[in-house]
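Peer 1: just a sequence and a predicted model for now, questions to come.
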Amino acid sequence: MTRRKESILEAAAILFARKGFNETSMSEVSKISGVAQGTIFYHFKSKEGLLLAILEDLKTRVLEAFEEFYRNENFSCGLEMVEGAIAFYLDLASRLEDRFMVLHRHISYELALQNPGCRRCMEAIFDCFVDIFEQAIGQGQTDGSIVALPPKKAALILHTMVDGLVRLETYQLYEASSLYEELLELCRRMLANTVSTE
Amino acid sequence: MAVISLFHGNFCNEERIIEPLVAKTGYRLLTDGDLVAKAAKLSAIAPDKLARAFSAKTSVFNRFTHEKERAIAFIRLALAEQLRQDRLLVKGFCAHLIPENISHILKVCLIADTKSRLESALEQDLSERQAVKLIRQHDEDCTAWVKLHRGSPDPWNTALYDIIIPADKAEPDKIVSLIMDNIGKNVLKKTGGSEKAVEDFLLAARVGAMLAKEGHNIDVKAEDGRVTLVINKQVLMLNRLEAELEALVEKVQGVKSVRCEVGSGFHQADIYRKYDFETPSRILLVDDEREFVQTLSERLIMREMGSAVAYDGASALEMIEEHQPEVMILDLKMPGIDGMEVLRRVKSMNPDIEVIVLTGHGSEADRQQCMQLGAFAYLQKPVDIEKLSETIKQANEKINLERRQKSDG
């Protein structure tokens, strides 16, 4: 991606995240990115096109980040991998804060209903989010560190909890980082197979 | 006798000063490594991880859980515990963790020009490439650290120190005696006030480390046992947060009272501020004097202006496509396509690029020709880095203004 396109997406993500999609005009995107309106339309066609491009870009970044997580991390058991995945997800959401806020905005879900490209993109992102927990739970059940639970359902519930913490932070409700240790402890208690380790 | 804090660039012959200084004063040397080891015991965080807190790169730390801030909080606590003692030499990044209201500190900075640092590095059997990389990396770390803790974009800013010593221009024994002459000075004597400031620092550090351990990222002030917690970001459930913080802090030894206040960061930042208009533009340096451009490029990086370098006109013109610079700093006299021709082509093909001409051999006629061709400014070498930075800033302002006018129109 060219630098110009990058700065357009960066500016649009900040505005969509902080002000909202409907409240943002293309002239504001132009003003903040320093790129002429004509150029923005040339690259992205419309405001929806810009939103879709932000989501596509987020998808690419998320996929890359998760690949790196799987490649680099070594865990002694599945339960430990769950903890690693939680820390990783929270860190990623923090680094890509504006992009996650765009993802969490109602407009993204609305666009997904109308636009098949957007739907596939959102599906890929959320699949990726839930897969990481599902893989960890699966591994934990194989190595005996995690109790028998339906892994797909348990993974969705874990994602809901962890992502809830992200929203607590991004919507500025509470200092969510102070809940991190407790979140880990509660997840351990939910998942740990205390029988087989004794 | 004053406590000495010594901040320095790498390859500035610091060992040749510290060793005799310690021998002559009988001071105890406290390095970043020593404090990291103590902080590791206090925090149960691995020493190598703690030490990464000095690096400008933060990718090893979890952003969400404020891991970096936690590491720094424990290093600060380790320092605060040591600072109660006399006859100390605090060397390295930790020098900047000492609060300014502790008055019995002699703040020394040791720095040398890049050329002599490079020579020192080469004496230590490093290749030139490795040496350049290490110096640049260390300077970036220094810049980020000093900016974080002192708010100054320039780590060698004279206002931050009592003495700045150019290590390449004075003999080590002269430097040692200069420092020794100053530690006995009256203004640096320990007083009741400065001792109290050490106690306040220790209490604030203790509270800060405890809160950091609990995952909070809160500024702490302490005075005579009265602790003030500053909440510097917007939190909707403020009462709940204040209650939790107060309950945690009340239990810390030495705390007589605790109260919370909201800092300036509590009120949400303007979105426009987040996307900073004043962000430096991309700069292309074009000059055939390699040493000059490299030094210049380093100094600009320290001022957080990203720059690329070309050594002749032809590569400069090629790099415009690839690098998309907004500002170009151009020497007139170069082999091949000369500076005047580069200027002519740039202004005809990419008129948006602002060109600052920098030359050692220019005449008045050259100056006039450059300005007619559309140069933004015409400066004579040797140029003062402040003057150049200021000119770049002015070019940026012009660019930003034109952008805004374009997008409004």
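Peer 2: Structure's in. What do you need?

Peer 1: show me what the longest helix belonging to chain A is packed against.
Peer 2: With DSSP state H applied, the helix covering the greatest number of residues in chain A is identified as helix A:116-143. Judged by 3 or more Cβ pairs under 8 Å, 6 or more residues apart in numbering or on different chains; DSSP states H and E, helix A:116-143 is in contact with helix A:47-72, helix A:78-95, helix A:106-114, helix A:151-170. C-beta here means a position set from N, CA and C on the backbone, and glycine is covered the same way.

Peer 1: buried residues of that helix, list them for me.
Peer 2: Buried positions in helix A:116-143, judged by neighbour count with 16 or more other Cβ atoms under 10 Å in any protein chain shown: A:118, A:121-122, A:124-125, A:129-141, A:143.

Peer 1: repeat for stretch B:144-160
Peer 2: With the criterion 16+ other Cβ under 10 Å, stretch B:144-160 contains buried residues B:144, B:145, B:146, B:149, B:154, B:155, B:156, B:160.

Peer 1: report how many residues lie close to the residue of the stretch 201-350 of chain B found nearest chain A.
Peer 2: Nearest residue of the stretch 201-350 of chain B to chain A (Cβ to the nearest Cβ) works out as residue B:215 at 3.9 Å. A count of nearby residues for residue B:215, using other Cβ atoms under 10 Å in any protein chain shown, gives 21.

Peer 1: repeat that for residue B:26.
Peer 2: That count, for residue B:26 with other Cβ under 10 Å as the rule, works out to 8.

Peer 1: that one contacts residue B:87, doesn't it?
Peer 2: Yes - with contacts counted by Cβ atoms under 8 Å, residue B:26 reaches residue B:87, the gap being 6.3 Å.

Peer 1: for residue B:19, find the nearest of the helices and strands packed on helix A:116-143.
Peer 2: helix A:47-72 (41.0 Å; Cβ to Cβ).

Peer 1: what's the average pLDDT for the closest one?
Peer 2: Mean pLDDT, computed over helix A:47-72, is 91.

Peer 1: ok, is that helix in contact with chain B or not?
Peer 2: No - on the criterion Cβ under 8 Å from any Cβ of the partner chain, helix A:47-72 is out of touch with chain B, staying 10.8 Å away.

Peer 1: what lines up beside the host helix or strand of residue B:89 in the sheet?
Peer 2: Taking DSSP states H and E as the criterion, residue B:89 maps to strand B:88-91. Each strand paired with strand B:88-91, and its direction, by DSSP bridges: strand B:3-8 (parallel), strand B:28-31 (parallel).

Peer 1: and it, how far out from the chain middle?
Peer 2: A distance of 20 Å separates the centroid of the chain from that of strand B:88-91, by Cα atoms, centre = their mean, to the nearest Å.

Peer 1: export that strand as CSV, just CAs?
Peer 2: The C-alpha trace of strand B:88-91 is given here as CSV (Å, rounded to 0.1, in the frame of the first residue of the first chain):
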residue,chain,number,x,y,z
LEU,B,88,26.2,7.7,45.2
LEU,B,89,27.0,7.9,41.5
VAL,B,90,23.8,7.1,39.6
LYS,B,91,24.9,6.3,36.0
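
Peer 1: in it, what counts as buried?
Peer 2: Buried, per 16+ other Cβ under 10 Å, within strand B:88-91: B:88, B:89, B:90, B:91.

Peer 1: give me the neighbour count for residue B:368.
Peer 2: 11.

Peer 1: with the one 3 residues further on instead?
Peer 2: One way to gauge burial is a neighbour count; for residue B:371, by other Cβ under 10 Å, it gives 13.

Peer 1: what count of nearby residues applies to residue 11?
Peer 2: Picking chain A for this. As a burial measure, residue A:11 scores 23 neighbours (other Cβ under 10 Å).

Peer 1: the intended chain is chain B.
Peer 2: Other residues near residue B:11 come to 23 when the count uses other Cβ under 10 Å.

Peer 1: let me see the contact set for residue A:60.
Peer 2: For residue A:60, no residue meets the contact criterion (Cβ atoms under 8 Å, 6 or more residues apart in numbering or on different chains).

Peer 1: tell me the spacing between it and residue A:67.
Peer 2: If you measure residue A:60 against residue A:67 using Cβ to Cβ, to the nearest Å, the figure is 11 Å.

Peer 1: with adjacent residues omitted, what lies nearest to residue 172?
Peer 2: Looking at chain A here, since you left the chain open. Ranked by Cβ to Cβ, 6 or more residues apart in numbering or on different chains and with sequence neighbours excluded, the top spatial neighbour of residue A:172 is residue B:234, at 4.4 Å.

Peer 1: actually, chain B is the one I wanted.
Peer 2: Take residue B:172 and drop its neighbours on the chain: the residue closest to it by Cβ to Cβ, 6+ apart is residue B:16, 4.4 Å away.

Peer 1: if we can go back for a sec, for the residue of the stretch 201-350 of chain B closest to chain A, give me its contacts.
Peer 2: Contacts of residue B:215 (Cβ under 8 Å, 6+ apart): A:175, A:177, A:178, A:179, A:180, A:181, B:65, B:66.

Peer 1: neighbour-wise, which of those residues leads?
Peer 2: residue A:177 (25 neighbours).

Peer 1: so which bits of chain A are right by chain B?
Peer 2: Chain A has residues A:3-4, A:10-11, A:14-15, A:18-19, A:27, A:30-32, A:34, A:36-37, A:87, A:90-91, A:93-95, A:169, A:171-181 near chain B, with proximity defined as Cβ under 8 Å from any Cβ.

Peer 1: quick one, which of the residues you listed are buried?
Peer 2: Buried residues within the residues of chain A next to chain B, defined by neighbour count using 16+ other Cβ under 10 Å: A:10-11, A:14-15, A:18, A:30-32, A:34, A:37, A:87, A:90-91, A:93-95, A:169, A:172, A:174-180.

Peer 1: which helix or strand contains the residue nearest in space to the middle of chain B?
Peer 2: In chain B, the residue lying closest to the centroid (Cα atoms, centre = their mean) is residue B:143, at 1.8 Å. When elements are assigned from DSSP H and E, residue B:143 belongs to helix B:128-150.

Peer 1: now do the SS call for residue B:329.
Peer 2: strand (DSSP: H, G, I helix; E, B strand; the rest coil).

Peer 1: okay, it: pLDDT?
Peer 2: On the pLDDT scale, residue B:329 is placed at 90.

Peer 1: relative to residue B:321, how far out is it?
Peer 2: The gap separating residue B:329 from residue B:321 is 18 Å, by Cβ to Cβ.

Peer 1: with residue A:12 instead?
Peer 2: Going from residue A:12 to residue B:321 by Cβ to Cβ gives 25 Å.

Peer 1: more neighbours: which of the two?
Peer 2: Under the criterion of other Cβ under 10 Å, the comparison of residue A:12 against residue B:321 puts residue A:12 first, with 27 against 9.

Peer 1: so what's that one up against?
Peer 2: Neighbouring residues of residue A:12 by Cβ under 8 Å, 6+ apart: A:24, A:29, A:33, A:50, A:51, A:54.

Peer 1: contacts only, for the fourth one.
Peer 2: This points to residue A:50. Per Cβ under 8 Å, 6+ apart, neighbours of residue A:50: A:8, A:9, A:12, A:29, A:40, A:44.

Peer 1: make a markdown table from these and add pLDDT and distance to residue B:267 to it.
Peer 2: Output for these, formatted as a markdown table (pLDDT from 0 to 100; distance: Cβ to Cβ, whole Å):
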| residue | pLDDT | distance to residue B:267 |
| --- | --- | --- |
| A:8 | 90 | 29 |
| A:9 | 92 | 28 |
| A:12 | 93 | 25 |
| A:29 | 90 | 25 |
| A:40 | 91 | 31 |
| A:44 | 92 | 33 |
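
Peer 1: neighbour-wise, which one of these leads?
Peer 2: residue A:12 (27 neighbours).

Peer 1: please compute how far the one helix or strand it maps to lies from its chain's middle.
Peer 2: Following DSSP H and E, one finds residue A:12 within helix A:3-18. Chain-centre distance of helix A:3-18: 17 Å, with Cα atoms, centre = their mean.
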